[in-house]
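Asker: Predicted coordinates and the sequence they were generated for:
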Amino acid sequence: MMAKPNPLSAVAAQVAESMGKAQDKPHPVSMTLSPTEPTSVVPTKASREGKRFLGYYVEPIRHEEIKQAALDEGIQIQELMRRAIDAWMEQNGAEAVAAVARRRERRLANRS
C-alpha cells in the first residue's frame, strides 16, 4: 500500500523554492547518531535574545502533516513555519503592517 502524499510537502517545497533554496536543500537527517553527535538541537538563550515566542495549536493530524513536511525538507518544524511566515509576509507584509498601524492609530485616538 502506497503512503498518501503529504499536501504540506508541496507547500514546503514551494516555500523553499520561493526562497531560492530548492536546489541546495539539505538531505534528511539520518536516524542513527554517533556518540559524539547531539540528540537534539536546543535553541540557546542567546539565539532567542530579542525575539518573542509565536505559536498556535493544531489538530493532531495537521501536526503530523507539518512534521512530515519538515522531515521531507530535512529541516525542523520551527524552520518550516518561519519560512512559511516569511513567504506570507513577503506577499502580504505591506498590507499587514499598514493594518496594524491603522489599528494602533485608532487605539491611540480612542485613549485621548
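Answerer: Arrived safely.

Asker: longest helix of this structure?
Answerer: helix 77-111 (DSSP state H).

Asker: can you give me the mean pLDDT across it?
Answerer: Helix 77-111 shows an average pLDDT of 90 in the prediction.

Asker: Give me the buried positions along that helix.
Answerer: For helix 77-111, the neighbour count (16 or more other CB atoms under 10 Å) marks 80-81, 83-84, 87 as buried. All C-beta atoms are positioned from the backbone trio N, CA, C, and that covers glycine.

Asker: how much space is there between Arg83 and Phe53?
Answerer: Applying CB to CB, to the nearest Å, the value for Arg83 to Phe53 is 18 Å.

Asker: and what of Gln68?
Answerer: For Gln68, the distance to Phe53 - CB to CB - is 24 Å.

Asker: Which one's more surrounded, those two?
Answerer: Taking other CB atoms under 10 Å, Gln68 and Phe53 do not tie; Gln68 has more neighbours (15 against 5).
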